[in-house]
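J.: Kindly generate the corresponding structure for this input.
(chains A and B)
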Amino acid sequence: MTNLSINSINGAARSVTGAVIRAVPEVTVNYKRANKTIAWIGKKISSPQNRLILGVSALLSQPFIDLNNRKVDEDTRKISAARTVAKIIAGTLTGVAIRAGCIKAIDAFSKLPAQLKNVKNPKLKTLFTPEAALNGVLKDLTHYKKALGTIISLVVMTFTNFLIDAPLTKFLTNKFVDKIHEKDKAKVVKLQTNKEVAHE
Amino acid sequence: MSKSSLFNGFKTLVAKHYGSNTGKMLIHTGVIGWILSSAAQVAAIVINDKIPKEQKMYLIPQEIADAAVNIVSFYAITQTFSSVAKRLVTSGKLLPKSVKDWMSVKGLLGKIGNSTSDIYKAGLSASAKKRLDMFKEGIDVIGTTAGSILSCNIVTPIVRNEIAANRQKTGIAKLNSGTESVSNINSVSHKREFIARPSMQNFTNSSYLKI
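T.: Coordinates of the predicted model:
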């Protein structure tokens, strides 16, 4: 994206934000449990969980959007929805696993100086530790490790997109399409049988 | 610049920008994910010898246009949601009870609650600031996730279906008027267009695999 489009999107976002802030009333979150949950979400939810939430909500919405696309014929709609489901399952499984794996790997090699007592090969264990943490300025690396793990996972997924997601999507799509065709065939046979019974 | 100082610079950059901001990280990595995914799709066409040159001239801009829809809609919607979520807290419109009560006791409520106010400039104590930071982080992640769901799972699929259907119509119209070469028309008017894009049919791959 060019700087101009980023600036115009940010400008539009600011305008919408201003309008929303002016329009909404003041709200206080009274329940202790609700406040605890909100704080927990901020601390614990990161890219793997976000990808999982996106995948589950995609399963609940995208197939229905495809099935209700009146601009194409019924057969195309069904196959399109089947492929969408396959794509979501494959993408979510690999997306969540690779993000979580990369974050875990980064965690193992981003230790703070205080965690290095009796550790073999301390240089390796601090391979991804930022200088600010080695100097003692930065004391909490939770968000940093998740961010770096996510960035690394994106590079990994550029390859797994072709090596795992694409073949898995194709395999699942074929399975789902076979099921759809079997069901359609069964419907036709049932209709024919009913017609024959009616004739008799 | 040496490799090690480049690597250190990269780590410092990540720590500085995302060390305390999950919402921002989710948006930026989401955009990078869409860009890498789209670049891979374009690269797949460019390096595919089975696709004739004239088809490539049609397919590459098509892929780039689709990528632009994905990226712009994702960034615009999630950025707006994240921005609204954060501003609701910093303006004082959405607060946890503990912080609101503290502000009420200190007589600071008059300083917040309008579109220009900033709660962080109202003179919070260290413990109130900490509680507010945790609350703001949670609200930001909720806002960003809601924006991602809306853009990736509702807006983008509807827009893409619309664009694909229009392309199919245009292709068929061109075929009927005889202004398009047969090879290109096959690629746009094929019944399986919604299942696998022509480039991907040849490549035995599938388009729009979001990473």
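
J.: quick one, what contacts the residue most central in space within chain A?
T.: Geometric centre of chain A, nearest residue: residue A:51, 2.0 Å, by Cα atoms, centre = their mean. Going by Cβ atoms under 8 Å, 6 or more residues apart in numbering or on different chains, residue A:51 touches A:92, A:95-96, A:99. The C-beta positions use only the backbone N, C-alpha and C, and glycine is treated the same way.

J.: shaky segments in chain B?
T.: Within chain B, the ranges that satisfy pLDDT under 70 run B:1, B:178-209.

J.: about what we covered before: out of the contacts of residue A:51, which comes closest to chain B?
T.: Using Cβ to the nearest Cβ, residue A:95 is the member of these that sits closest to chain B, with 6.4 Å.

J.: Can you verify my assumption that that closest one contacts residue A:55?
T.: Yes. Between residue A:95 and residue A:55 there is a contact under Cβ atoms under 8 Å: 7.1 Å.

J.: Just want to know which of these two has more residues nearby.
T.: residue A:95 (27 against 21; other Cβ atoms under 10 Å in any protein chain shown).

J.: Does anything pack onto the lowest-mean-pLDDT helix or strand in chain A? Which helices or strands?
T.: Between all helices and strands in chain A, the lowest mean by mean pLDDT, DSSP states H and E belongs to helix A:3-23, at a mean of 82. When contacts are defined as 3 or more Cβ pairs under 8 Å, 6 or more residues apart in numbering or on different chains; DSSP states H and E, helix A:3-23 packs onto helix B:53-90.

J.: how far does the helix it packs on sit from the chain's center?
T.: Relative to its parent chain, helix B:53-90 has a centroid offset of 6 Å by Cα atoms, centre = their mean, to the nearest Å.

J.: still on that earlier bit, tell me the predicted confidence for the residue nearest to the centre of chain A.
T.: Here, the pLDDT recorded for residue A:51 equals 94.

J.: Compute the distance between it and residue A:67, please.
T.: Per Cβ to Cβ, to the nearest Å, residue A:51 is found 24 Å from residue A:67.

J.: what does residue B:129 give?
T.: Distance, residue B:129 to residue A:67, by Cβ to Cβ: 49 Å.

J.: the strands in chain B, which residues?
T.: Counting by DSSP state E, one finds strands in chain B at the ranges B:94-96.

J.: how close does the spatially most central residue of it get to chain A?
T.: The centroid of chain B falls nearest to residue B:74 when counting by Cα atoms, centre = their mean (2.7 Å). Remark: distance between residue B:74 and chain A (Cβ to the nearest Cβ, to the nearest Å) = 11 Å.

J.: Give me the distance between the closest residue to that residue other than its chain neighbours and residue A:83.
T.: Computed as Cβ to Cβ, 6 or more residues apart in numbering or on different chains, the closest residue to residue B:74 that is not its neighbour in sequence is residue B:151, at 4.8 Å. According to Cβ to Cβ, residue B:151 stands 20 Å off from residue A:83.

J.: now residue B:173
T.: Applying Cβ to Cβ to residue B:173 and residue A:83 gives a distance of 26 Å.

J.: if you count what's nearby, which of these two comes out ahead?
T.: A count of neighbours by other Cβ under 10 Å puts residue A:83 above the other of residue B:173 and residue A:83, at 25 against 12.

J.: Can you list the residue ranges for strands in chain A?
T.: Under DSSP E, chain A gives strands at A:27-29.

J.: Name the residues of stretch B:98-108 that come out as buried.
T.: Applying a neighbour-count criterion of 16 or more other Cβ atoms under 10 Å in any protein chain shown, one finds B:98-100, B:102-103, B:108 buried in stretch B:98-108.

J.: what about that stretch, near chain A?
T.: Yes. Under the criterion of Cβ under 8 Å from any Cβ of the partner chain, stretch B:98-108 makes contact with chain A via B:98, B:100.

J.: what does that stretch contact?
T.: By Cβ under 8 Å, 6+ apart, the residues outside stretch B:98-108 that reach it are A:28, A:35, B:92, B:95, B:109, B:112, B:122-125, B:128, B:131-132, B:135.

J.: Residue B:50: neighbour count?
T.: Using other Cβ under 10 Å: residue B:50 sits among 9 other residues.

J.: Could you do residue A:115 as well?
T.: With other Cβ under 10 Å as criterion, residue A:115 counts 13.

J.: again with residue A:44
T.: 13.

J.: how many other residues sit next to residue A:27?
T.: 11.

J.: which residues does it bridge with?
T.: residue B:94 (DSSP bridges).

J.: Next one, pLDDT for it please.
T.: 93.

J.: if I pick the residue nearest to residue B:74, what's in contact with it?
T.: So residue B:151 contacts B:73-74, B:76-78 (Cβ under 8 Å, 6+ apart).

J.: try 6 Å
T.: B:73-74, B:77-78 (Cβ atoms under 6 Å, 6 or more residues apart in numbering or on different chains).

J.: which of the residues you listed tops the neighbour count?
T.: residue B:78 (27 neighbours).

J.: neighbours around the closest residue to it other than its chain neighbours, how many?
T.: Spatial nearest neighbour of residue B:78, excluding adjacent residues (Cβ to Cβ, 6+ apart): residue B:147 at 3.7 Å. By other Cβ under 10 Å, 26 other residues sit near residue B:147.

J.: now residue B:147: how far from residue A:62?
T.: For residue B:147 relative to residue A:62 (Cβ to Cβ), the value is 17 Å.

J.: go on, residue A:189?
T.: 31 Å.

J.: The two: which has the busier surroundings?
T.: residue A:62 (22 against 10).

J.: quick one: residue B:34 and residue B:71 touch, right?
T.: Yes. Contact status for residue B:34 versus residue B:71: in contact at 4.8 Å, counting by Cβ atoms under 6 Å.

J.: Please verify my assumption that residue A:29 contacts residue A:35.
T.: Yes. Taking Cβ under 6 Å as the definition, residue A:29 is a contact partner of residue A:35 at 5.5 Å.

J.: Which residue ranges of chain A form helices?
T.: Taking DSSP state H as the test, the helices found in chain A are A:3-23, A:32-44, A:47-67, A:74-108, A:122-125, A:131-134, A:142-160, A:166-199.
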